[in-house]
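Enquirer: sequence plus predicted model, see below.
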Amino acid sequence: MAATGKLAVTTLEFERKQKGWFWFRKWDLEDVSSICWFTGIHVLAACAPFVFHRGAIRLCVAFALLSAFGMTLGYHRLLCHRSFKIPKWLEYFFVYCGSHAFQRDPMFYVNTHKNHHKYTDTNRDPVTPTDGFWFCNMGWLFNNDHIATKCGESRGGEYSKVPELKAQWFYRFLHDTYFWHPTALAALLYLRGGFPYLAWAMGMRAVVIHHFAALAGYVSHKWGERPWNTPDTSTNKWWVAVLTLGEGWHNNHHAFPRSARHGLEWWQFDPTWLLIKFLRLLGLATNVKLPTEAQKGRIPHNVGST
Ligand SMILES: [Zn+2]
Ligand SMILES: [Zn+2]
């Protein structure tokens, strides 16, 4: 099976070298829906400055925080790494907010991200800067079969690494109806405040969140500090952490992927961790995982490095 997976990826690498490989291949419905939505939100974001509206901007900021925390707290630290537990209703709330960030549905995202950690920096890593800026930025969101092959699956939609999500109706429902949710939100925004609400709270919000997250994915394996000597290229960058609610402490994260806290030093700004701490204070977050001193001692640490 592993050998077959390797062969498939080698074939994939060969195909990637052919001119126009990305555009002239089989596109499934999810690939097409995803690229259409991406085009749509970029057009809306480009129109936003021309339809300035205070109410729309306030809603844009509020929705941006909800969908960004939905990604960092819900999709990433909770579903991908199980670094804490919260009640099911709250899990579904955060994940639903995250689903409006246009990083695809939880099954796709979590399956892809688990493979990123498993195969970091190899040619089986589904989201790596070595595949080029544009593919790392957004191409991976429009190419189901390519990502599936890299993840060692026979077809798009198999999601073999997330049986726990496939077993829950909520995640199956979100997967099956994924693009209807932003469609419904867009309709509601338009009905509530017309085009300015649509341009700001849908277009600008989604574009900013996507590009901050994509920038993190790219920069965090290319430039920055490496206080932990992990067997990969992951880095820490303070300004990426500011833009991504704490996800920029990526070298810390690769060193301790199960940790709910990514900014491990007191000065490493990590708003997602602050929110998890707040939920713990309320008794809503339990089983919060942090690296022990023994675990820290097992990874070579570049003393004095930030
Ligand atoms: Zn990484
Ligand atoms: Zn991760």
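Expert: Cool, the structure landed. Note that the structure is predicted; figures quoted are calculated from it, not measured. Numbers count the residues shown, from 1 in each chain. Ligands and ions are numbered 1, 2, ... in the order given.

Enquirer: and the contacts of the helix or strand where V43 lies?
Expert: Using DSSP states H and E, V43 sits in helix 29-47. The contact list for helix 29-47 (C-beta atoms under 8 Å, 6 or more residues apart in numbering) reads 102, 104, 138, 141-144, 156, 178-179, 182, 195, 198-199, 202-204, 206-208, 210. C-betas here are computed from N, CA, C, even on glycine.

Enquirer: got the buried residues for it?
Expert: Within helix 29-47, the residues that count as buried by 16 or more other C-beta atoms under 10 Å are 30-31, 33-35, 37-38, 40-42, 44-45, 47.

Enquirer: go on, stretch 74-89?
Expert: Going by neighbour count (16+ other C-beta under 10 Å), the buried part of stretch 74-89 is G74, Y75, H76, R77, L78, L79, C80, H81, S83, F84, I86.

Enquirer: okay if I get the buried residues of helix 29-47 as JSON lines plus distance to W23 and pLDDT?
Expert: Conversion of the buried residues of helix 29-47 to JSON lines gives the following (distance: C-beta to C-beta, whole Å; pLDDT from 0 to 100):
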{"residue": "E30", "distance to W23": "17", "pLDDT": "91"}
{"residue": "D31", "distance to W23": "11", "pLDDT": "93"}
{"residue": "S33", "distance to W23": "17", "pLDDT": "93"}
{"residue": "S34", "distance to W23": "14", "pLDDT": "93"}
{"residue": "I35", "distance to W23": "10", "pLDDT": "95"}
{"residue": "W37", "distance to W23": "18", "pLDDT": "95"}
{"residue": "F38", "distance to W23": "15", "pLDDT": "94"}
{"residue": "G40", "distance to W23": "19", "pLDDT": "97"}
{"residue": "I41", "distance to W23": "20", "pLDDT": "97"}
{"residue": "H42", "distance to W23": "18", "pLDDT": "97"}
{"residue": "L44", "distance to W23": "24", "pLDDT": "98"}
{"residue": "A45", "distance to W23": "23", "pLDDT": "98"}
{"residue": "C47", "distance to W23": "26", "pLDDT": "98"}
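
Enquirer: farthest-separated two in those?
Expert: Checked with C-beta to C-beta, the buried residues of helix 29-47 reach their widest spread between E30 and C47, with 26.1 Å between them.

Enquirer: which regions of this structure sit below the pLDDT cut-off?
Expert: Per-residue confidence for the chain (pLDDT under 70) gives these ranges: 1-17, 303-306.

Enquirer: show me the strands in it, by range?
Expert: Chain-ordered strands for the chain, with DSSP state E as the definition, do not occur.

Enquirer: nearest to L188 among the buried residues of stretch 74-89?
Expert: When the buried residues of stretch 74-89 are compared for distance to L188 (C-beta to C-beta), G74 comes out closest, at 21.1 Å.

Enquirer: run through the helices of the stretch 1-150 of the chain in chain order.
Expert: Using DSSP state H, counting those that start in this stretch, the helices found in the stretch 1-150 of the chain span residues 2-16, 29-47, 54-69, 88-99, 106-118, 133-137, 144-150.
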